[in-house]
Each structure stands twice: as structure tokens, then as C-alpha cells.
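Engineer: turn this into a model:
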Amino acid sequence: MTSHRRSVFITGAAAGIGRATALTFARNGFVVGGYDLDEVGLKSLSDEIEQIGGTAHVGHLDVTDPDEMAQRLGEFVGAAGNRLDVLINNAGILRAGRFEEMELGGHFKEIDINAKGVVNGLHTAFPYLRQTPNSVAVNLASASAIYGQAELANYSATKFFVRGVTEALDLEWNRYGIRVIAMWPLYVQTAMTDSVKTGTTDSLGIRLTAQDIADAILAATEPSRLRRAIHQVHFPVGSQAKVLATGARFSPGWLTRLVNKRLAHS
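Structural biologist: Predicted structure coming up:
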């Protein structure tokens, strides 16, 4: 039996952006699936959602493991009344530093979580999204997908991957009524950025909060008539990201490079 309540499945939900997003969707009547490696954080998230009158299903998930992804998504969709209105591929890691000075294994881990984890989520969720009218897949990209970022080279590359797969699947899956969109925030005040110090953090600061991103995700899944009419795929979050994204769209390549070079103090 299909439920009438909308549902959302969120990876990396125990803390930061994922946690704020889970609580925001719960407040808006969604059945929330929160999955992460941090099971202690998930327990407190579930308790908090229940305290505000919401419904939560939480569980361990390593997004790089396709078998566990399939198991958790199947369990959640069954518990949520056989529907998946929103998939949010939020899980990710950020490592900052000079590319050649960082260990190779760390680069591969970042690729596994930020890129392969998104592929696992999208591929596994497809049949559930397809059977749910007006469903949306949300991928957490980054303003670092506007232009490759010094001291974030590998992280930035993973977000270019997210940008590309989002654009391609939004075209492919349009025939099934599935929107595929990407969120593009700059640096966000979470544990992920606590130890990050780069030229661009010095230039731009870390201004956004997890709640800023959560609110933007909810708004993007329920777009205005204008955004729906133009079929907006990428959603820069915050005034800085919007200015940078707009500037890169219209400026020549040499100028975009120069701006990024100056911002990174490179």
C-alpha cells in the first residue's frame, strides 16, 4: 500500500547539513530516512524528530558499499509506504591542502565517498524515484564546481563529477518525471570545515550555516513557477556563490581563472 505522506532519504544525516536537512523536512511533514556511519548521532536525530512530532527511520550506511545502499533504501521505502519523493546525496568529506603533499589513499577515499557514493545512491534509488510521481534527486555539489580550486583540487574534481552526473541524469530521467538537481554552497560552518584553512577561506570566510543549506534544499525541491518553467538544475546557495556562478557564466576563461587565482592567493 502506498502512503500519502511524502518521504525523503538522506545520506550523511547524523550531523551538519544532513542533520539540519532531516529536521527541516520532518517539520514539513516528510517521513525522514536518516543514514550515516555515526549511529550515536542518528539515535539523537531520531529522538529529536520524534520530539517535534515527526517520523524517522535511521540506520547505518556506508555510501561506498552498494549492497548496503540497496538494503537501506529498500528497507526505508518499504517502511515509508512504498514511495521515495526525495533522495538527498549529502554524504561527503572535504580534505584541504596542497595536492602533492596529501597522501594518495586520502585522495581515493574522497573520490569513493563524494563521487562513487553519489552514483550508488542514484543508481539504487532510481526504481523507487520512478514509481513516485514528481520525485527529486538532490546532489550536494559545491561552488568549487564552478572552477577548480587551489588547495581543494581533488575535492573540487569530485564536485565537478557531481555537477556532470546531475546534468546528464536530469536529461535522461526527465522522461520518467524525475528532477535531478544540485546544490552549490560555498564553505559551510560545520565540523567538516573546522580545520580547513585555505586561501579562499581567508578571502571569502565561512559564512553559511547548515540551516541555510537545509532551507535551500527544501526550497529547491518545491520550486517556484519561474524556476520550474526554466527547469533550474543548479542552485547556488548564498550571495557569494550566486555572484561567482553568474560571473563564471559570462566572463571569459582567462578572467575566471584570474579571479580564482586572486581569491586563492595562488
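
Engineer: pull the longest helix from the chain.
Structural biologist: helix 153-172 (DSSP state H).

Engineer: packing partners of that one?
Structural biologist: Contacts defined by 3 or more Cβ pairs under 8 Å, 6 or more residues apart in numbering; DSSP states H and E place helix 153-172 against helix 104-111, helix 117-130, strand 136-140, strand 179-185. Backbone N, C-alpha and C define where each C-beta goes, glycine included.

Engineer: now do the buried residues in it.
Structural biologist: Buried residues in helix 153-172, counted by 16 or more other Cβ atoms under 10 Å: 153-163, 165-166, 169-170.

Engineer: all helices for the stretch 151-266 of the chain, in order.
Structural biologist: Counting by DSSP state H, counting those that start in this stretch, the stretch 151-266 of the chain has helices at residues 153-172, 199-204, 210-221, 225-230, 239-250, 253-263.

Engineer: and the ones you listed, which one's lowest on average pLDDT?
Structural biologist: Note on these: helix 199-204 shows the lowest mean pLDDT, a mean of 70.

Engineer: what residue, apart from its backbone neighbours, is nearest residue 227 spatially?
Structural biologist: residue 220 (7.9 Å; Cβ to Cβ, 6 or more residues apart in numbering).

Engineer: contacts only, for the one you found.
Structural biologist: 136, 138, 181, 183, 227, 232, 235 (Cβ atoms under 8 Å, 6 or more residues apart in numbering).

Engineer: and what of residue 103?
Structural biologist: By Cβ under 8 Å, 6+ apart, residue 103 has no neighbours at all.

Engineer: shaky segments in the stretch 1-150 of the chain?
Structural biologist: Applying pLDDT under 70 to the stretch 1-150 of the chain flags residues 1-2.

Engineer: all the strands of it, residue numbers only.
Structural biologist: 7-11, 31-36, 55-60, 86-89, 136-140 (DSSP state E, counting those that start in this stretch).

Engineer: can you put those in TSV and add distance to residue 119 and mean neighbour count?
Structural biologist: Formatted as TSV, the strands of the stretch 1-150 of the chain follow (distance: least, Cβ to Cβ, whole Å; neighbours: other Cβ atoms under 10 Å):
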stretch	distance to residue 119	mean neighbour count
strand 7-11	12	28
strand 31-36	16	28
strand 55-60	20	19
strand 86-89	9	28
strand 136-140	10	24
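
Engineer: TSV for the ones you listed, including distance to residue 42?
Structural biologist: Below are these laid out as TSV (distance: least, Cβ to Cβ, whole Å):
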stretch	distance to residue 42
strand 7-11	11
strand 31-36	6
strand 55-60	4
strand 86-89	15
strand 136-140	18
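
Engineer: closest to residue 265 out of the ones you listed?
Structural biologist: strand 136-140 (26.3 Å; Cβ to Cβ).

Engineer: give me the spatial nearest neighbour of residue 209, chain neighbours excluded.
Structural biologist: Counting by Cβ to Cβ, 6+ apart, the residue nearest residue 209 is residue 189, at 5.3 Å.

Engineer: the residue most central in space within the chain and residue 55, how far apart?
Structural biologist: Nearest residue to the geometric centre of the chain (Cα atoms, centre = their mean): residue 140, 2.1 Å. Distance of residue 140 to residue 55, computed by Cβ to Cβ, to the nearest Å: 24 Å.

Engineer: before we move on, what about residue 27?
Structural biologist: According to Cβ to Cβ, residue 27 and residue 55 sit 12 Å apart.

Engineer: what of residue 230?
Structural biologist: Distance, residue 230 to residue 55, by Cβ to Cβ: 34 Å.

Engineer: again, but for residue 85
Structural biologist: 14 Å.

Engineer: what does residue 98 give?
Structural biologist: On the measure of Cβ to Cβ, residue 98 and residue 55 end up 46 Å apart.

Engineer: no further questions, thank you.
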